[in-house]
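Visitor: coords below, sequence missing:
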């Protein structure tokens, strides 16, 4: 019973890693916003496929959205098998069996690229929001200086 609870705990930790990559602060630029991995149009959740239909005339925003969707798919395809290949040998080791380091290494090899794919998704999704709102003439580019945690660490961020 104790081993099962440890396995469930480890699985929960590894599955929560995906949320660590997602952005929790809200990018609010005009009508379209991006919170984490979800797009909102005028405060209501909108699916990426529906957003793609609305971006028909804005080719720049549609291009960014297409790239973002591709990177999101690549991130999911490398994240979940990678986590499985990390958790499986770790669970065997916790249960007292010998740990298979080759499978663990393959899992890490699949997991690490998902971090970069997730960052590329967030960048292109943010560019979609900015392009969509500037195309609509909603005053997307406000000048502001913020201090806090950014994608690259703690520091000042100047947005214009």
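Guide: On my side now, so go ahead. It should be emphasised that the depicted structure is a prediction, and the values quoted were computed from it without experimental measurement.
Visitor: So in this protein, where's the weakest helix or strand by average pLDDT?
Guide: strand 26-29 (a mean of 40; mean pLDDT, DSSP states H and E).
Visitor: Show the contacting residues for residue 68.
Guide: For residue 68, the contact set (Cβ atoms under 8 Å, 6 or more residues apart in numbering) comprises 48, 120, 121, 124, 125, 127, 128. For every residue, glycine as well, the C-beta is placed using N, CA and C.
Visitor: Out of those, who's the most crowded?
Guide: Counting neighbours by other Cβ atoms under 10 Å, the top entry in the contacts of residue 68 is residue 128, with 28 neighbours.
Visitor: And that residue, which helix or strand is it part of?
Guide: helix 101-135 (DSSP states H and E).
Visitor: List the buried residues of that helix.
Guide: By neighbour count with 16 or more other Cβ atoms under 10 Å, helix 101-135 contains the buried residues 103-104, 106-107, 110-111, 114, 117-118, 120-122, 124-135.
Visitor: Between which two of the contacts of residue 68 is the distance greatest?
Guide: Of all pairs drawn from the contacts of residue 68, the greatest distance, 15.1 Å, lies between 48 and 120 (Cβ to Cβ).
Visitor: how about the helices of the chain, start to end?
Guide: With DSSP state H, the ranges of helices along the chain come out as 2-21, 48-54, 59-94, 101-135.
Visitor: isn't residue 121 right up against residue 72?
Guide: Yes: the pair residue 121 and residue 72 passes the contact test of Cβ atoms under 8 Å, sitting 4.6 Å apart.
Visitor: any common contacting residues for these two?
Guide: Shared contacts of residue 121 and residue 72, defined by Cβ under 8 Å, 6+ apart, comprise residue 37.
Visitor: circling back: tabulate the contacts of residue 68 (CSV), appending pLDDT and distance to residue 97.
Guide: Compiled in CSV, the contacts of residue 68 are given as follows (pLDDT from 0 to 100; distance: Cβ to Cβ, whole Å):
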residue, pLDDT, distance to residue 97
48, 78, 42
120, 93, 37
121, 92, 36
124, 92, 42
125, 90, 42
127, 90, 47
128, 88, 47
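Visitor: Closest one of these to residue 77?
Guide: Nearest to residue 77 out of these is residue 121 (Cβ to Cβ; 12.3 Å).
Visitor: mind listing what the closest residue to that closest one other than its chain neighbours touches?
Guide: If the residues on either side of it in the chain are set aside, residue 121 comes closest to residue 71, at 4.1 Å by Cβ to Cβ, 6 or more residues apart in numbering. Listed by Cβ under 8 Å, 6+ apart, the contact set of residue 71 reads 117, 118, 120, 121, 124.
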